[in-house]
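Colleague: fold the stuff below for me.
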Amino acid sequence: MRTISEAGNLAGKKVLVRNDFNITIDDSGKILDDYRIRASLPTIKYLLEQKTKIILSSHFARPEGKVVGEMRLSPVQKRLGELLGIEIKMAPDCIGPEVEKLVNQLKNDEILLLENLRFHPEEEANSDDFAKKLSGLAEVYVNDAFGASHRVHASIVSVTRYLPSFAGLLLQKEFEALSKVLENPERPLTVVIGGAKISTKMKLIEEYLKKADHIILGGALANTVLHAQGIAVGKSLIEEEVIPDLKKLKLTDTKLHIPVDVVASADKTGQAEIKIDPVGRTGEGELILDIGPETEKVFDSVIRASKMVIWNGPMGYFEVDKFSHGTEAMAHSISNCPTCFSIIGGGETTCFVEKFGLIDNFSHVSTGGGAMLEFLAGDKLPGIEALN
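Modeller: Residues are numbered from 1 along each chain as shown. Just a heads-up that it's a prediction; the model follows:
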């Protein structure tokens with residue numbers, strides 16, 4: 001994988017950068033978590049130092065191949081300008097004559113942000129024609145979108161056929177940090193997996209039952225594991241379709257740690273009575289919404305004995321404060337572990353630790369959710385393979 005530092009003299013060249021600005025915003029358009037924007041700054045600053053003409057591109061949300069006003073990239077344009085202290089020009093589209101005109105007017109050290117790539121269905125279809133139109137805007141291509149590099153999309157894969165292509169500083173940093181887990185993990189290695197769906201993380205669990213020293217499961221996905229073991233979970237969210245696959249795994253393996261007590265309620269809004277019970281005592285009309293205090297202690301003892309920790313996914317229904325304690329406890333356990341090389345990833349996880357001001361306490365904060373999971377499971381990422 002060639003990196004941007006190997007691109008030679010870039011002065012005066014038009015550089016197309018694929019970023020991942022798929023951020024969280026509220027209904028008013030206010031950015032709730034700008035971590036991915038801030039993570040993109042080193043590459044942008046490097047290109048400014050190189051006196052290039054910078055063309056930034058990204059997807060945002062799921063507009064399904066059509067223009068959606070609430071999914072325009074104007075909030076990103078504004079925040080980037082604030083962070084860099086310079087004007088960020090905004091294109092009305094990502095391809096077409098108007099965009100070409102704006103690109104040709106760019107001077108060295110100027111930045112143009114293209115409009116949402118996914119306004120065109122050809123982006124997600126990995127259209128060769130769309131890739132040609134994108135590549136026609138520039139002389140060099142830089143992939144700095146690790147979080148989208150597991151996608152076979154035109155701006156990630158096909159565009160590399162038409163331009164000299166390099167990894168940006170963020171993509172390089174992600175690759176090096178996560179490769180350390182695959183190639184030379186520090187031990188004991190602990191993998192913490194939370195969130196709602198176990199189906200999207202089955203391969204990672206299977207892989208690390210072989211590779212890791214400890215696996216901790218929390219969040220709604222742990223409910224499915226408990227259910228597979230015949231333990232009562234009330235009306236908690238479970239995935240029946242993965243039960244047969246779960247039963248094939250060594251779920252009694254001593255390296256696998258699941259909740260021993262839970263926080264449950266009949267109502268996930270936090271308005272009904274909230275109970276803390278040992279696992280197996282959840283009533284038929286109740287939902288498991290967080291890990292309990294005894295589970296927090298068990299998980300903390302495993303973390304503190306580790307040398308490397310990977311964490312993806314919350315421990316409970318953290319959107320409601322009453323059910324966020326388990327996730328907060330996990331964040332503190334990992335961030336306060338003096339011996340741990342810690343890696344976290346996934347939009348919900350990074351958003352949560354950012355909220356509590358802990359993000360700088362982790363060794364590496366990945367901008368990828370699905371991309372991180374696939375990379376750590378040993379899969380080749382199309383966006384990285386396209387650069388090789």
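Colleague: which residue ranges form the strands in the stretch 1-150 of the chain?
Modeller: 14-18, 24-25, 31-33, 53-57, 88-90, 111-113, 140-143 (DSSP state E, counting those that start in this stretch).
Colleague: could you pull up the residues touching residue 204?
Modeller: Taking C-beta atoms under 8 Å, 6 or more residues apart in numbering as the criterion, residue 204 is in contact with 191, 193, 373, 376, 377. In this view, the C-beta of every residue, glycine as well, is placed from N, C-alpha and C.
Colleague: check which helix or strand covers it.
Modeller: Counting by DSSP states H and E, the element that carries residue 204 is helix 202-211.
Colleague: so which residues of the stretch 1-150 of the chain form helices?
Modeller: Remark: helices assigned in the stretch 1-150 of the chain by DSSP state H, counting those that start in this stretch are 35-39, 41-49, 74-84, 97-104, 121-124, 128-135.
Colleague: nearest to residue 346, of these?
Modeller: Smallest distance to residue 346 across the helices of the stretch 1-150 of the chain (C-beta to C-beta): 11.5 Å, for helix 35-39.
Colleague: distance check, residue 367 against residue 34.
Modeller: 12 Å (C-beta to C-beta, to the nearest Å).
Colleague: sorry, slip of the keys, the one I care about is residue 340.
Modeller: 26 Å.
Colleague: who's more crowded, the two?
Modeller: residue 340 (22 against 19; other C-beta atoms under 10 Å).
Colleague: wait, doesn't the more buried one sit right on residue 308?
Modeller: Yes. Judged on C-beta atoms under 8 Å, residue 340 makes contact with residue 308 at a distance of 6.6 Å.
Colleague: could the strands of the stretch 1-150 of the chain be laid out in JSON lines, adding distance to residue 173?
Modeller: Listed next are the strands of the stretch 1-150 of the chain as JSON lines, based on distance: least, C-beta to C-beta, whole Å:
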{"stretch": "strand 14-18", "distance to residue 173": "15"}
{"stretch": "strand 24-25", "distance to residue 173": "22"}
{"stretch": "strand 31-33", "distance to residue 173": "19"}
{"stretch": "strand 53-57", "distance to residue 173": "18"}
{"stretch": "strand 88-90", "distance to residue 173": "23"}
{"stretch": "strand 111-113", "distance to residue 173": "21"}
{"stretch": "strand 140-143", "distance to residue 173": "13"}
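Colleague: for the protein, what's the longest helix?
Modeller: helix 169-183 (DSSP state H).
Colleague: quick one: mean pLDDT for that one?
Modeller: In this model, helix 169-183 has a mean pLDDT of 97.
Colleague: the inter-axis angle of it versus helix 202-211?
Modeller: Using axes from the mean of the first three to the mean of the last three C-alpha atoms, to 10 degrees, one finds that helix 169-183 and helix 202-211 are set 50 degrees apart in direction.
Colleague: and helix 169-183, what's buried?
Modeller: Buried residues in helix 169-183, counting neighbours by 16 or more other C-beta atoms under 10 Å, are found at 169, 170, 171, 172, 173, 174, 175, 177, 178, 180, 181.
Colleague: now do the contacts for the second one.
Modeller: This points to residue 170. Here residue 170 is in contact with 39, 40, 42, 43, 144, 146, 367 (C-beta under 8 Å, 6+ apart).
Colleague: I'd assumed residue 169 was in contact with the third one.
Modeller: Same thing as residue 42. Yes. The criterion here is C-beta under 8 Å, and residue 42 meets it with residue 169 at 4.5 Å.
Colleague: who touches the helix or strand containing residue 333?
Modeller: Residue 333 is part of helix 325-335 when elements are defined by DSSP H and E. Applying C-beta under 8 Å, 6+ apart, the contact partners of helix 325-335 are 192, 194, 218, 263, 290-292, 295-296, 299-300, 303-304, 309, 311, 314-316, 318, 340, 342, 344, 352-353, 356, 358, 361-362.
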